[in-house]
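A.B. asks: Kindly return the folded structure for what I paste below:
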Amino acid sequence: MDKVIGYLKENFDNYLNELKEFIAIPSISALADHKKDMRDCAKFVSGQLKNAGMKNVKLIKTAGNPLVYGEWMGAPGKPTVLIYGHYDVQPVDPLDLWDNPPFEATVKDGKIYARGANDNKGQCFVHIKAVEAYMKTEGKLPVNVKFLIEGEEEVGSGNLDKFLKDKENKKLLKCDSVLISDTSMYDEGVPTISYGLRGLCYMEIELTGPNRDLHSGSFGGSVANPINELAKIIAKLQNDKGKILIPEFYKNVRKVTKAEKENIKSLKFSDKKYAKELDVKELFGEAGYSTLERLWARPTLDCNGIVGGFIEKGAKTVLPSKASAKISMRLVPDQDPKTVAKQFTKYVKSIAPKYVKIEVKDLHGGNPFYAPLDDRAVQAGAAATAKAFGKKAVFTREGGSIPIVVEFNKQLKAPVVLMGLGLDTDNIHSPNEHFRLENFEKGLYSSAYFFEEYSK
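C.D. replies: This is a model prediction of the structure:
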């Protein structure tokens, strides 16, 4: 192991330069005019896998951008790790807010600034280089390794989702665990393993009153205003203590275990600091739960947008024909988005007045993810990052959703280890995205240690 870590240290500057090459390819999956860049980036990744000693390296065609696959299966009797990442990045707009060109990596203040530096090229790259270090020094790995790097994560992973559901592809990707670095650390210098993600149920309510927009003076008071009625419906979705009022909504919510409560307490989260960062006087959430429980382990309901009537500057006395609202619900284990969508629809229709027409649409959803804290792979990730950072790892859940993580877990029947190396302050999806060089370096060591720990 000393040889491997020594090799990573000796070659850190080389890896940084290679990461700059990786970043320089503007692989923006959301923009059609970057199609060639996407393929060039996929070829770059496949070349890196070959140089790292991977076998059966290939570009797998999809209806969109290619998947990159590679494997090394030379450790019979040892577990197999599937490493997932993505080579596509977000668009760079607004360009004028970047301090440096987004695809010309700039190193300053101990950070590398560029689009994709963190999400996900920097985080993904550490695993390729850790594997390479083993192969260059030991000629083998302590576990079997497969890589699957996609080019459509930033546009929903639609083609990977289809790929995972194919019987033959499941055989190709068969593994004992999935390792992903595409999440955040709890705090600077604190190694973190995420073991849970919330799911999502995203709905839209549309109310229709009169058959056209009306003058509020000539018609106001004689027919229902869809905006007023929509506001009443939204107000009945939640009480003033943060409890969601949809019948049976909480029926399948998994309770937070005693161990999780103790883990949350050990993180010493500061409500005061959190409120100050958000510039709010007080925090608000479901009564009876701590802020981290509300963020990670309790479901939510939020109105994400309202449309209706006159919304331009100035005044227009209109009584609108239609009004709509988009409502998202973050779900936790063991809630099912389809069941919640039905519960939501039934309840909203039951409280809607008869003097407006109502339509409720299920726009999309995703299942929550949860890996037990005592899972072998999760514990290996914690031990590995602790060695790399020289500090005990912490366990967190994340409030957001990563649907493809759920699909890996569901389709491959394998636990997923979320070994995030970025920080929430790294400006992913925003101008001046960056990745701390310390996290890049210790990410290399974390990956190398993970293979060793998981092989035990």
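A.B. asks: Now do the strands in the stretch 101-250 of the chain.
C.D. replies: All strands of the stretch 101-250 of the chain, identified by DSSP state E, counting those that start in this stretch, fall at 106-108, 111-113, 144-150, 177-180, 192-197, 199-208, 214-215.
A.B. asks: right, and the helix or strand after the host helix or strand of residue 397?
C.D. replies: Assigned by DSSP states H and E, residue 397 belongs to strand 394-398. Beyond strand 394-398 on the C-terminal side, the first helix or strand identified by DSSP H and E is helix 403-412.
A.B. asks: Turn the strands of the stretch 101-250 of the chain into TSV, including mean pLDDT and distance to residue 6.
C.D. replies: Glycine gets a C-beta too; all of them are placed from N, C-alpha and C. Listed next are the strands of the stretch 101-250 of the chain as TSV, based on pLDDT from 0 to 100; distance: least, C-beta to C-beta, whole Å:
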stretch	mean pLDDT	distance to residue 6
strand 106-108	98	23
strand 111-113	98	23
strand 144-150	98	21
strand 177-180	97	23
strand 192-197	95	26
strand 199-208	97	43
strand 214-215	92	77
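A.B. asks: would CSV of these with mean neighbour count and distance to residue 277 be doable?
C.D. replies: As requested, the strands of the stretch 101-250 of the chain are exported to CSV (neighbours: other C-beta atoms under 10 Å; distance: least, C-beta to C-beta, whole Å):
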stretch, mean neighbour count, distance to residue 277
strand 106-108, 14, 24
strand 111-113, 22, 20
strand 144-150, 25, 33
strand 177-180, 24, 27
strand 192-197, 26, 18
strand 199-208, 21, 24
strand 214-215, 15, 45
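A.B. asks: To residue 91, which of those strands lies closest?
C.D. replies: When these are compared by C-beta to C-beta, strand 111-113 sits nearest residue 91, at 16.6 Å.
A.B. asks: Which elements pack onto that closest one?
C.D. replies: Using 3 or more C-beta pairs under 8 Å, 6 or more residues apart in numbering; DSSP states H and E, the elements in contact with strand 111-113 are helix 12-24, strand 106-108, strand 434-436, helix 437-455.
A.B. asks: Direction included, what does it pair against?
C.D. replies: strand 106-108 (antiparallel), strand 434-436 (antiparallel) (DSSP bridges).
A.B. asks: Looking at the ones you listed, spot the one closest to residue 231.
C.D. replies: Residue 231 sits nearest to strand 434-436 of all the strands paired with strand 111-113, at 41.5 Å, using C-beta to C-beta.
A.B. asks: now the nearest residue to residue 185 once chain neighbours are set aside: how far from residue 183?
C.D. replies: Leaving out its chain neighbours, the residue that sits closest to residue 185 by C-beta to C-beta, 6 or more residues apart in numbering is residue 192, at 4.3 Å. Noted for residue 192: a distance of 8 Å to residue 183, by C-beta to C-beta, to the nearest Å.
A.B. asks: Three-state assignment for the residue lying closest to residue 252 once chain neighbours are set aside, please.
C.D. replies: In space, and not counting its chain neighbours, residue 252 is closest to residue 334: 4.7 Å by C-beta to C-beta, 6+ apart. Taken by DSSP: H, G, I helix; E, B strand; the rest coil, the conformation at residue 334 corresponds to coil.
A.B. asks: Verify the contact between residue 334 and residue 254 for me.
C.D. replies: Yes. Shown here, residue 334 and residue 254 form a contact pair, counting by C-beta atoms under 8 Å, at 5.2 Å.
A.B. asks: Residue 451: what's it in contact with?
C.D. replies: Neighbour list for residue 451: 81, 130, 131, 134, 141, 142, 143, 145 [criterion: C-beta atoms under 8 Å, 6 or more residues apart in numbering].
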